[in-house]
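> Build me a model:
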Amino acid sequence: MKEKVKEVCVDACLILKLVLNETDSDLAEALFAKWQEEGVKLIAPVFYPVEVDSVIRKKASLASGADRITPEQADAAFEALQAIPVKTIHEPGQRKRAWELARDLGLPVVYDSHYLALAELRNCEFWTSDERMYNSVRAKISYIRLLKDET
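Below is the predicted model:
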């Protein structure tokens, strides 16, 4: 009998740490290497590419100080993202479940709840580097994992 491939749902902020020089980028790289070694499949909601691309563009055009990146760095980050194997998936019932989670958890927008809903519906862990979001839902969501906790 063939063993089921493990999958994890990953959010944009965690994956962006692989292509941008940010706090905890080293932790994200180590976790990603571990997942690659173990054959873990990365999944995200279908809007994930738009979200990561938008963050990179924002850092190149609107950010200031240490958060700002050059157009060349933005292009390099965009290209590097193409090599990261994140499969975008939409599960039946995901939109409704994301709405329910946002409502029940008091989330002001549904982006994060779509990641949570996808992980719940796929019965897998959801990994994030967003400490604020993690802390706001961890008491009610058992399948959420924080990058910093992987050390």
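
> Where does pLDDT dip in the protein?
Along the chain, the model assigns pLDDT under 70 to residues 1-5, 151.

> Please repeat the previous calculation with a cut-off of 80.
For the chain, residues meeting the criterion pLDDT under 80 lie at 1-5, 63, 150-151.

> wait, isn't Ala63 in contact with Ile69?
Yes - counting by C-beta atoms under 8 Å, Ala63 touches Ile69, with 7.3 Å between them. C-beta coordinates here come from the backbone N, C-alpha and C atoms, glycine included.

> more neighbours, these two?
Ile69 (20 against 13; other C-beta atoms under 10 Å).

> How much space separates the more buried one from Leu16?
11 Å (C-beta to C-beta, to the nearest Å).

> Quick check: neighbours shared by these two?
Both Ile69 and Leu16 are contacted by Ile56, Ala77, under the criterion C-beta atoms under 8 Å, 6 or more residues apart in numbering.

> Now do the same contact list for the residue nearest to Ala77 when sequence neighbours are not counted.
Residue nearest to Ala77 in three dimensions, not counting chain neighbours: Val19, with 4.2 Å by C-beta to C-beta, 6 or more residues apart in numbering. Val19 sits next to Ile56, Ala76, Ala77, Ala80, Leu81, Ile84 when contact means C-beta under 8 Å, 6+ apart.

> What of Pro108?
Here Pro108 is in contact with Ala102 (C-beta under 8 Å, 6+ apart).

> tell me the SS of it?
coil (DSSP: H, G, I helix; E, B strand; the rest coil).

> One more: the one 4 residues further on?
Reduced to three states with three-state DSSP, the structure at Asp112 is helix.

> From here on, call the first residue 386.
Got it, first residue is 386 now, which makes that one Asp497.

> what number of residues lie near it?
25.

> Nearest spatial neighbour of it, chain-adjacent residues omitted?
Leaving aside its chain neighbours, Asp497 sits nearest to Met518 (5.3 Å; criterion: C-beta to C-beta, 6+ apart).
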